[in-house]
Each structure stands twice: as structure tokens, then as C-alpha cells.
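Novice: when you get a sec, could you give me coordinates for this:
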Amino acid sequence: MRGTEGTGPAGERAGGPDPARGPEGVAPGQDPAGGPDGARAQDDQARRAGNRAGRAQNERARGQDRTRAQGDRAPRPGHPVAQPHEDHGPVRYGPPAPDPGLPVLPELAAVLAAASARTRPEPPGGGPVLREAARGYWDRRGLHGTAGGIAAAPGAQPLLLALIGAHGGDVLMPRPCPAAWMPQARLLGRPAYHVPTPAECGGIPDPYALLETVRRVRAEGGRPKLLLLSVVDDPTATVAPPELVREACEAAVDEGLHVISDETWRDTVHRPRDTVLLSPAEMCPDDVTVIADLSGALVPAAWPVAVARFPDTPRAAVRHARTLDILTALGALVAGPVAHAAAHALGEPDSVRDRIRRAAALQTEVAAAAHRAVLGSGALARPPQAGRHLYADLGPLRSRLADLGVTDSMELEEYLTDRLGAPAPGGHRFGDELGALRVRLGTGPLLGATPQQQTESLATAKPLELPHVARALDGFAAVFGELR
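Specialist: Residues are numbered from 1 along each chain as shown. Here you go, the predicted model:
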């Protein structure tokens, strides 16, 4: 078996009512409602619920104290004022995707403005222009199909909710995984299980751990049917090697699982000419549905739109129809002006291609500098290969952090968010152990505090030499330097 991260036993059950605290760690087959073992499990759950309630009260009290303290404390130079922490439990307080730190592409803004008079939303799943644009986008990436096999929604969350709802059975996902995945399964009441990732990358399950998880779940009466993965990953900012993607997908398909491949970040790869990126849909075309939130690289997050590409099979056609039914029931329709701008971006005119290329090149430099600062403090982090973030493990700094009152990832999130003046969601948001001192660090805030500075960062060949970028990186490094 390949080495796996120390994230608990294979197949650990992901569940519980508190999304902010991550998985409860119920093993497959552990029945909380039957016999003496069930009674003990209920007692354990009650104690955990009481602990969570007490913890939440303490967190709110600490948040109020921090809010008062922030009112008397000047923000760090070059950083925005951190927003008060209102709470940690409800889904609505979950972390947003990493901020790109760049202004809207003027051409896209003009396209949206030109369509602003459109008063009708798109039909469920998107109109013909949007779906054809998405078909062409994937066709240029070697994923051929028809516009009839496309579905669009106002963001990745409602689209993923509809996709999970269109499939029966239990859901499996890697640990860590995007913060938005677990709430969808919980909302639908689907049993969900985390699977450890390989040592080499995040985003995909270790294939041997996946097989063991499937075996254990089935042995206890479960019905594993769906695997979520992301070859280009949030939160780890890694790109999975093709051989590992193949092994994981073949293991999943051999066990009768359908794969949903989240490829939101595929256009943010830092060094595309040096990185081999293979979509699971290229290897298992009849068993993989691909989704992409266009806020990854094409449109601003304030214009919510995501698209899904279904396999060209009769079974997939049935699931496509179910997905549209769920989107209709949810009223999850893409706004007309947003659909017009999204179709333009999916067509990838020269201006959009140039923005994608420049943004990736900029993040290559800035993320590498942030990575060096993190390593310089004694913390651990894989080299970021994509996106606008990196995932750091501050476990080696546990003693120093404990002196500062930081003993878990929730407290680490609070500490770094306050010190950096920017969101720094803890690993518990992504399914990692609460006790593991892991955190996702965004690099978008390092690109400048104003649109003018951000545009300057995007235009220069040497962004690290810009004064505002250098100051931001110095402040970032200073926060971690204090932990040495």
C-alpha cells in the first residue's frame, strides 16, 4: 500500500451536525441506535454534542472579546482589517474559495453590462448558448460530447447537490477535501466517508485505502455508490500524478462507483507546460461526470455559475434528467446576464486566455514565495502547483503555538486570520482532524490592496520586486517568523 497521510483510519465516517468541527469519526457500521453498543454510542454522541455546545459558547465569547480588542488595535500595515468572527458552526460561516486578488477582466465586465437588461433566467440546466460554450470548452481539453450532456447551475454547491441527489447510495471523498462537499451530502442525509489521500498529493483517495473503505462499508450494510475527487485540488493546491489518478479511478469503477471529478482549478496550474494533468473522464469516459465552478479561473465569484459534463451513455442521460429535475425544484437557475458573460468566457477569446496565463504565472511566483516563508518557520507544506493558496501543517510548531493558546485547527484559524488580516480556514473545515494544526493560506491578498496595485502585479514580469507585493510578503513571513 502506498503511504497515506496521518488522517485517521481508512473509511472514517464523515457526519455529525456541526460542519465547522469536521467529521465525528464514526467507523463504518457503527450503529448509534441499536442494542447496548447503540446505547453507548448515543451516550458518546450526547457527550460530544454537549462538548460542542459548550465549545461554541466559548467561541462566541472569545469572538466578542476579539471584536472589542480589534476595535482598539490598528491593522497590520498592508493588510485589510479582519472581520469579526461571528460563529463557527453553521454552514453559512464556511470558508469561501480562495480570493483571486485580481480585478474583473474589463472585457467580461462589458459583456455582463451589455446583457444587464435581460430579465429572464436561463432554463434549468442552462440555455443552448451556455451549454454549447461549455461543450466547446471541454472539447478543447479532449473531453468530447454534446451540448445535451451539459448542465449549468448558479454555482458549484447547488450543482453538486443536484448531482449527489441524482445518484443513490453512500458518498466517498478524500481527506482533506473542498469545504463545500460535506454539507451537500449532509443536507441530503447521505452517509459519507473520508478516505486518506496518497503521500504524493491531495484531491484523490489512496487506491488501496479506497478499496478497504468500500469493503468495510459494504460489510456493514452500506451502499457506496459515488466518489468525489479533484485532480487539481482545493485545499492542498496539488496536481495528482496521472498514474495515481488512473489507479484510483480504476479501483472506483471496478467497485461499481461513479466518479464526480471537480475540475474547477484545472486552468490555474502554475506551470502548465511542466505539469501533466489527466482528467478521470479521459480514462473512464463512461463512469465520470466532470464539474467546474467557473470562478476558478474564468469569471468572478460574484457571478455564480458552474457547469457539469455528463458521460454519453443511456444511464448518464437518466441522471442528467434527474439533475435537471432537482435544479428545477431548487429554483437553481443561472441569471441571464451571468450566463451571457459565462458563455463568453467559456469561448476563451484572446483576452480571457491571456488573463488565465498571466494569473497563473503571477501565482507561480507569489505562492512559491509564500511557501518559502512557511517552510522557513519550520512548518510543513507541499509545494503549491495550482490555485491561489497553499495548505500548511504547523504540527512541528505545536509547542510554540500552545504557548500562544493555539491547540487545534479552530484556534489556529482564529489566530492566523487575526494576524494575517485575511481568511485562513483551519483544516477542520476540509475534513482534517481538529487536533491537526493544518490551515489553508490564500495568496490573493498578497497581490495588492487596490485594483491598481493588483493590475500592476498582473502586468509585471517580476511581481516580487513590486513594493506592495514585497511589503505584503514581508508581513506574511513575519507572522510565521514569530512562530519559530
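Novice: give the contact list for Arg309.
Specialist: Neighbouring residues of Arg309 by CB atoms under 8 Å, 6 or more residues apart in numbering: Ala134, Arg135, Trp138, Leu143, Gly145, Gly149, Ile150, Ala281, Thr289, Val290, Ile291. C-beta coordinates here come from the backbone N, C-alpha and C atoms, glycine included.
Novice: which one (most neighbours) among those residues?
Specialist: Counting neighbours by other CB atoms under 10 Å, the top entry in the contacts of Arg309 is Ala134, with 28 neighbours.
Novice: you'd agree that residue is in a strand?
Specialist: No - Ala134: not assigned to a strand; according to DSSP: H, G, I helix; E, B strand; the rest coil it is helix.
Novice: coming back round to it: the contacts of Arg309 in helices, which ones?
Specialist: Ala134, Arg135, Trp138, Ala281 (DSSP state H).
Novice: surely the first one and Leu346 touch.
Specialist: Yes - using CB atoms under 8 Å as the test, Ala134 is close enough to Leu346 to be in contact (5.6 Å).
Novice: mutual contacts of those two, please.
Specialist: Joint contacts of Ala134 and Leu346 (CB under 8 Å, 6+ apart) are Val307.
Novice: the strands in the stretch 101-250 of the chain, which residues?
Specialist: Using DSSP state E, counting those that start in this stretch, the strands of the stretch 101-250 of the chain run over 150-153, 170-175, 192-196, 224-229.
Novice: likewise the stretch 301-450 of the chain?
Specialist: 306-309, 380-381, 389-393, 438-442.
Novice: dump those strands into JSON lines; add mean pLDDT as well.
Specialist: Below are the strands of the stretch 301-450 of the chain laid out as JSON lines (pLDDT from 0 to 100):
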{"stretch": "strand 306-309", "mean pLDDT": "98"}
{"stretch": "strand 380-381", "mean pLDDT": "97"}
{"stretch": "strand 389-393", "mean pLDDT": "98"}
{"stretch": "strand 438-442", "mean pLDDT": "98"}
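Novice: just put those in a markdown table and tack on distance to Phe476.
Specialist: What follows is the strands of the stretch 301-450 of the chain, written out as a markdown table (distance: least, CB to CB, whole Å):
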| stretch | distance to Phe476 |
| --- | --- |
| strand 306-309 | 31 |
| strand 380-381 | 13 |
| strand 389-393 | 11 |
| strand 438-442 | 8 |
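Novice: just to revisit the earlier point, how about the strands of the stretch 101-250 of the chain, which one is nearest His428?
Specialist: Nearest to His428, of all those, is strand 170-175, at 11.2 Å by CB to CB.
Novice: got the angle for the closest one vs strand 224-229?
Specialist: 30 degrees (axes from the mean of the first three to the mean of the last three CA atoms, to 10 degrees).
Novice: what's strand 170-175 in contact with?
Specialist: In contact with strand 170-175 (CB under 8 Å, 6+ apart) are residues 5, 7-8, 12, 14, 23, 164, 181-182, 185, 190-197, 202-205, 210, 213-214, 217, 222-230, 257, 430-432.
Novice: quick one: mean pLDDT over that strand.
Specialist: For strand 170-175, mean pLDDT rounds to 98.
Novice: next, the angle from that strand to strand 192-196.
Specialist: Orientation check (the same axes, to 10 degrees): strand 170-175 against strand 192-196 gives 30 degrees.
Novice: can you tell me the element Val259 falls in?
Specialist: strand 258-262 (DSSP states H and E).
Novice: helices along the stretch 201-350 of the chain, start to end?
Specialist: 207-219, 242-254, 280-283, 314-330, 336-346, 350-376 (DSSP state H, counting those that start in this stretch).
Novice: contact partners of the shortest one?
Specialist: Surrounding helix 280-283, the residues in contact under the criterion CB under 8 Å, 6+ apart are 142-143, 229, 231, 245-246, 249-250, 259, 261, 288-290, 309, 311.
Novice: out of the residues you listed, flag the one nearest to Gly125.
Specialist: Nearest to Gly125 among the contacts of helix 280-283, with distances taken as CB to CB, is Arg309, at 12.0 Å.
Novice: and the strand holding Val259, what does it pack onto?
Specialist: Counting contacts by 3 or more CB pairs under 8 Å, 6 or more residues apart in numbering; DSSP states H and E, strand 258-262 packs against helix 156-166, strand 224-229, helix 242-254, helix 280-283, strand 288-293.
Novice: could you count how many residues lie near Asp254?
Specialist: Neighbour count of Asp254, defined by other CB under 10 Å: 10.
Novice: my read: Thr119 touches Gly336, true?
Specialist: Yes - here Thr119 reaches Gly336: they are 7.0 Å apart, a contact under CB under 8 Å.
Novice: the two - which one has more neighbours?
Specialist: Taking neighbours as other CB under 10 Å, Thr119 and Gly336 compare with Gly336 leading, 17 against 8.
Novice: now for that one: which residues touch it?
Specialist: Contacts of Gly336 (CB under 8 Å, 6+ apart): Ala115, Arg118, Thr119, Arg120, Pro121, Glu122.
Novice: out of the strands of the stretch 101-250 of the chain, which comes closest to Leu390?
Specialist: Closest approach to Leu390 among these (CB to CB): strand 170-175, 17.3 Å.
Novice: give me the buried subset of the contacts of helix 280-283.
Specialist: The neighbour count (16 or more other CB atoms under 10 Å) marks 143, 229, 231, 245-246, 249, 259, 261, 288-290, 309, 311 as buried among the contacts of helix 280-283.
Novice: quick check: the two most widely separated of these?
Specialist: That would be Arg246 and Arg309, which, of these, are the farthest apart (CB to CB) at 19.4 Å.
Novice: tally of neighbours for the nearest residue to Val469 once chain neighbours are set aside?
Specialist: Sequence neighbours aside, Pro463 is the residue nearest to Val469 in space, at 5.2 Å (criterion: CB to CB, 6 or more residues apart in numbering). Neighbours of Pro463 under the rule other CB under 10 Å: 24.
Novice: now Ala248
Specialist: Neighbours of Ala248 under the rule other CB under 10 Å: 30.
Novice: which residues does it contact?
Specialist: Contacts of Ala248 (CB under 8 Å, 6+ apart): Ile204, Pro205, Asp206, Pro207, Leu210, Leu229, Ala240.
Novice: lovely, talk soon.
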